[in-house]
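**Q** sequence first, predicted coordinates after that:
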Amino acid sequence: MKRWSGRVAVVTGASAGIGAAIAEELVKKGLKVVGLARRVERVEENAKLLRSEPGKLHPLRCDVSKESNVKEAFKWVKSNLGVVDILVNNAGVCDFNNLTDGPPEKWRNIIDINVLGLSMCTREAIQSMREKAVDDGHIININRYSISPGAVKTEIAEASGVPKEILEQYKDNPIMEAKDIADSVMYVLGTPPHVQMSLGLSHVRKYDDDGDFKKL
């Protein structure tokens, strides 16, 4: 990770959960991290907690479903920090609905954020990298191509409207922490420049001293 120290990373959906954990680990590795989020106040609070770390977290309000927001955000990065070296496309939503009931506006919101938002951020990051011919830049997509985690303990299930009785059924199942996914991102970034990989993470198991499975 030493080669990334002092360089610029953009993390979308950085206000909570996986995005916040990734931003934190990158700051600890000495990077200048731009945390994009609609709830920028949360990123600002995290930035205060990370003041003593080698890197710095720069909170920036951005709704990745809006092209004007995305363009303004990357324009700010260019003007204040320089070329983007790493983009972590983490922003995403889900909703507890199905094809038989809809409604279409819920589907449209998912597509706007999870697909179009990712695409627009990727476009801006690549354009930034090309400006100064960055030859080792990384674009990491969470739960799409690069890192595809299974169940992770975040706010997304409650926010998507999953009924409490369903959540209760799975409360004792093995489930990953946001830090586990952040560690996976650090591993990917820590590999040599010629290495490209896709990680699929189902869950993390922990065992006691006797080797017996212990629930998280």
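**A** Nice, thanks for sending it over. Not measured: the values here are computed from a predicted model. Residues are numbered from 1 along each chain as shown.
**Q** would you list every one of the helices in the chain?
**A** Assigned by DSSP state H, the chain shows helices spanning 17-28, 40-49, 67-80, 104-110, 118-131, 156-159, 164-169, 178-190.
**Q** poorly predicted segments of the protein, please.
**A** 144, 150, 154-163, 166-167, 169-171, 196-216 (pLDDT under 70).
**Q** same thing but 50
**A** The model of the chain has pLDDT under 50 over residues 203-216.
**Q** so which residue is dead centre in this structure?
**A** Asn90 (2.9 Å; Cα atoms, centre = their mean).
**Q** pretty sure that residue contacts Ser15?
**A** No: using Cβ atoms under 8 Å, Asn90 is not in contact with Ser15, being 10.3 Å away. Where you see a C-beta, it was placed from the backbone N, CA and C, and this is true even at glycine.
**Q** ok, Asn46 to Gly92 distance?
**A** Going from Asn46 to Gly92 by Cβ to Cβ, to the nearest Å gives 19 Å.
**Q** then Val27?
**A** Using Cβ to Cβ, Val27 is found at 22 Å from Gly92.
**Q** what does Leu26 give?
**A** From Leu26 to Gly92 the distance is 19 Å (Cβ to Cβ).
**Q** same question, Ala182
**A** 16 Å.
**Q** same check on Ala20?
**A** 14 Å.
**Q** do Gly102 as well
**A** From Gly102 to Gly92 the distance is 20 Å (Cβ to Cβ).
**Q** can you give me the distance of the nearest residue to Ala91 once chain neighbours are set aside to Ala20?
**A** Leaving out its chain neighbours, the residue that sits closest to Ala91 by Cβ to Cβ, 6 or more residues apart in numbering is Gly13, at 3.3 Å. Using Cβ to Cβ, Gly13 is found at 9 Å from Ala20.
**Q** more neighbours, the two?
**A** Using other Cβ atoms under 10 Å as the criterion, Gly13 and Ala20 rank with Gly13 on top: 28 against 24.
**Q** got a list of what that one touches?
**A** 19, 36-37, 64, 90-92 (Cβ atoms under 8 Å, 6 or more residues apart in numbering).
**Q** ok, 7 Å please
**A** Gly13 is in contact with 19, 37, 90-92, counting by Cβ atoms under 7 Å, 6 or more residues apart in numbering.
**Q** again with Ala125
**A** 10, 84, 87, 139.
**Q** out of the residues you listed, grab the one that's most surrounded.
**A** Busiest of the contacts of Ala125 [other Cβ under 10 Å] is Val10, holding 29 neighbours.
**Q** Val27 and Gly92: which is more packed in?
**A** Val27 (25 against 22).
**Q** so what's the more buried one closest to, chain neighbours aside?
**A** Gly55 (4.0 Å).
**Q** ok, the one you found touching Gly35?
**A** No: if you go by Cβ atoms under 7 Å, Gly55 and Gly35 don't touch, sitting 11.6 Å apart.
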